[in-house]
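In: Whatever this is, show me its structure:
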Amino acid sequence: MSRLKPLLTFSNPPLLALAVLTYALGAGIARYLGRANNPLLFGLGFIWILLLFLAMSLLTIYFRPHNEPLVKGETIKEQNWLRAALFQVSIAALGIAALLFVTFLQMGVSPPAIFYAVLIFLTALIYALPPLRSATNGFGELALAVLIALLIPAFSLSLQMGEIHRLLGAFSFPLVALSLAYFLVLDFPTYKEDRKYERGNLLFRIGWQRAIPLHHILILTAYFLFATMPQFGFPWAIIGPVFLVMPFALFEIYWMQEIASGSNPNWRFLKIIATTVIGLTLYIITFTLWTR
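Out: Residues are numbered from 1 along each chain as shown. Just a heads-up that it's a prediction; the model follows:
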């Protein structure tokens, strides 16, 4: 077994990519409003988010029960090495993140930025660490959705502006719904394994019969909220491009419904569709804000 490959997998690159996109989205709002004027803080905050999410992902794996294999076919020696490596890398990442947080304090960043940084830090620890460990108590998907779609862009925006703008809320609420639908989809391919090891994720808690209509409602709610934004004074020019992704979202609903009807599930294809929907939505919003 290659020792580096599992560590790269456990770092959860798709989640890191989503964190990067939403961090850029928050700064994009500041740029759109003409107040993104601190590249140094942007860079430091970007590194802080990456380090914190890396530590969170690795600690989530580290605190799996010892009866669960970390990778298939591992020996006891390999598992012990992996656990030690996961812990060491996590502590190193958290140590550097702590130094960066002290740097934020010394640079005199705004109280809202500090507030959201603390919320992000606490939510990440609650997600990964016992005894709360929301990753396995049925609330992990919601915690990740709030982290990705609300707290990270709020932190990024407040680093630049020193305050929060209502445009953040207009984007964050539908994005929380889309993110929650995405994380719910990711639970389906591992459903049997999760039941075997009694991992209390959202799908395990509510059952797939309820999860599929919930998935549909979350996606449709997100686009309904996007569609109502012009009624509250937000320009269509920054909202309209989001609907370019809607055909993919509707196809995701169709594919999930086909699985519910008994069709042979192609989990890899479903994950690609779900990742496309949330990833492309975040990219389009961020790109629009940065280029307007």
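In: would you list every one of the helices in the stretch 151-292 of the chain?
Out: Secondary structure of the stretch 151-292 of the chain (DSSP state H, counting those that start in this stretch): helices at 152-161, 166-187, 191-197, 202-206, 208-228, 236-239, 246-260, 267-291.
In: Quick one: mean pLDDT over the longest one.
Out: Pointing back at helix 267-291 there. On average, the pLDDT along helix 267-291 is 95.
In: And the shortest one, by the same measure?
Out: When pLDDT is averaged along helix 236-239, the result is 94.
In: helices or strands next to it in the packing?
Out: Applying 3 or more C-beta pairs under 8 Å, 6 or more residues apart in numbering; DSSP states H and E, we find helix 236-239 packed against helix 267-291. Any C-beta I mention is one placed from the backbone N, CA and C, and that applies to glycine too.
In: Give me the nearest residue to Leu7, chain neighbours excluded.
Out: Sequence neighbours aside, Ala85 is the residue nearest to Leu7 in space, at 6.1 Å (criterion: C-beta to C-beta, 6 or more residues apart in numbering).
In: Mind naming the longest helix for this protein?
Out: The longest helix of the chain (DSSP state H) is helix 76-107.
In: in it, what's buried?
Out: Across helix 76-107, burial judged by 16 or more other C-beta atoms under 10 Å covers 78, 82-83, 85-86, 89-90, 93-94, 96-97, 100-101, 104.
In: Which members of those residues define the maximum pairwise distance?
Out: Farthest pair in the buried residues of helix 76-107 (C-beta to C-beta) is Glu78 and Phe104. Separation: 38.6 Å.
In: Run through who's touching the helix or strand of the chain with the lowest mean pLDDT.
Out: Ranked by mean pLDDT, DSSP states H and E, the helix or strand of the chain with the weakest confidence is helix 191-197, at a mean of 78. Residues outside helix 191-197 that contact it (C-beta atoms under 8 Å, 6 or more residues apart in numbering) are 65, 67-68, 187, 199, 201, 203-204, 208.
In: how about a cut-off of 10 Å?
Out: With contacts defined as C-beta atoms under 10 Å, 6 or more residues apart in numbering, helix 191-197 is touched by 64-65, 67-69, 136, 187-188, 190, 199-201, 203-204, 207-208, 211, 265, 267.
In: got it, and stretch 253-272?
Out: For stretch 253-272, the external contacting residues (C-beta under 10 Å, 6+ apart) are 14, 181-182, 184-186, 188-191, 208-209, 211-213, 215-217, 219-220, 252, 273-274, 277.
In: and the angle for the longest helix of the chain with helix 152-161?
Out: If you take axes from the mean of the first three to the mean of the last three C-alpha atoms, to 10 degrees, helix 76-107 sits at 30 degrees to helix 152-161.
In: what's Leu122 in contact with, if anything?
Out: Leu122 is in contact with Leu151, counting by C-beta under 10 Å, 6+ apart.
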